[in-house]
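I would like to see how this sequence folds:
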Amino acid sequence: MITNAQTHLSKDAKLKSLIDTIELDYHWHPNQQGDAFAYLLRSIIGQQVSIQAAAKIHQRFLGLFEQNYPDANLLIQLDETALRAVGLPLQKAGYVKNVANFFLTQQLFDTDWTALSDEDIIKYLTTIKGVGKWTVEIMLMFCLNRGNVFPIDDLGIQQTIIRLYGLNASGKALKQQLLDTAAPWQPYRTLACYYLWSWKHTW
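Take a look at the predicted model:
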C-alpha cells in the first residue's frame, strides 16, 4: 500500500523530493481502526498546548482511572475540580465530558467506523461541543487510518505547502490553491501530509 502510494505521489516533482529524502517514523495500517473515544479525548487535551505539556496533562488525566484508561461512565461523574487539578482548563473539562456523554448515549464504543465515509464521520462527530473538523480529521488519519484525508485548516500543512510550492495568495484564494495543489495526490493525501509534517520538523 505504501509503495503504491509513494509511486503515485512521486508524480508530483516537489513532493517526490520529500519522498526521496525523508524516512517516515510511523506505521500506517490501512483499514485498521483504533480507539476513537480515547483518541478524541487525547486530541482535545492536546489542543493549543505544546506536545510536551499535552503529554504530561494526558498522563495525569489517565491516572484518574483504573488501568489508565478513560472510563466514560466515571468521566461524566468526575467533578470538574478533579479534571482541573490534572491540568485541564474549565472549558476542556467540559469538552471531554461532552465526548463521554455522546459516546455513551449514542452507544459508539463498538462502532464499525469503516462503514462510514470520512465526510459522514466529520459531520457526525462535530455535533459534539468541543470537537471541531480538524480534530476529527486528525482522528481519521492517525486513529482510523483513512488514506485520503487533507486537513486544510492545519497550520503546519498550510505552511509547508506555501513554502514548497511558492504560493502567495491569502484568504479564500489561498484555500483554493491549497485544494488545487493537493487534488492530484488523491487518493493518498494522508500520506502526503505525513511527508509535509515530517519535512516541517527539519526546518
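
switch to C-alpha atoms for all contacts and neighbour counts from now on
Noted.

in the protein, which residue is closest to the centre?
Taking C-alpha atoms, centre = their mean, the centroid of the chain lies closest to residue 138, which sits 1.3 Å from it.

what helices or strands is the helix or strand containing that one leaning on?
Secondary-structure assignment from DSSP states H and E places residue 138 in helix 133-142. With contacts defined as 3 or more C-alpha pairs under 8 Å, 6 or more residues apart in numbering; DSSP states H and E, helix 133-142 has these neighbours: helix 36-46, helix 118-125.

list the contacts for the residue nearest to the centre of the chain?
When the contact criterion is C-alpha atoms under 8 Å, 6 or more residues apart in numbering, the partners of residue 138 are residue 151.

State the distance from it to residue 147.
Separation of residue 138 from residue 147 (C-alpha to C-alpha, to the nearest Å) stands at 11 Å.

chain center to the longest helix along the chain: distance?
For the chain, the helix that runs over the most residues, judged by DSSP state H, is helix 90-105. Centroid displacement of helix 90-105 relative to its chain, using C-alpha atoms, centre = their mean, to the nearest Å, is 18 Å.

buried residues in it?
92, 93, 94, 95, 96, 97, 98, 99, 100, 101, 102, 103 (16 or more other C-alpha atoms under 10 Å).

Let's have these in a markdown table, adding pLDDT and distance to residue 80.
As requested, those are exported to a markdown table (pLDDT from 0 to 100; distance: C-alpha to C-alpha, whole Å):
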| residue | pLDDT | distance to residue 80 |
| --- | --- | --- |
| 92 | 96 | 10 |
| 93 | 96 | 6 |
| 94 | 96 | 8 |
| 95 | 97 | 11 |
| 96 | 97 | 11 |
| 97 | 97 | 9 |
| 98 | 97 | 12 |
| 99 | 98 | 15 |
| 100 | 98 | 14 |
| 101 | 98 | 15 |
| 102 | 98 | 18 |
| 103 | 98 | 19 |
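
now those residues in CSV, with distance to residue 64?
Formatted as CSV, the entries for those read as follows, by distance: C-alpha to C-alpha, whole Å:
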residue, distance to residue 64
92, 16
93, 13
94, 16
95, 17
96, 13
97, 14
98, 17
99, 17
100, 15
101, 17
102, 20
103, 19
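
and stretch 176-189, which residues are buried?
Going through stretch 176-189 with 16+ other C-alpha under 10 Å, the ones that come out buried are 177, 178, 182, 185, 186, 187, 188, 189.

which among these gets closest to residue 65?
residue 189 (36.4 Å; C-alpha to C-alpha).

ok, now which ones touch the closest one?
Contacts were defined as C-alpha under 8 Å, 6+ apart; by that measure residue 189 touches 147, 148, 149, 150, 182.

Let's see which of those end up in helices.
The helices, defined by DSSP H, take in residue 182 from the contacts of residue 189.

Between all of the contacts of residue 189, which two are at the greatest distance?
147 and 182, at 13.3 Å, using C-alpha to C-alpha across the contacts of residue 189.
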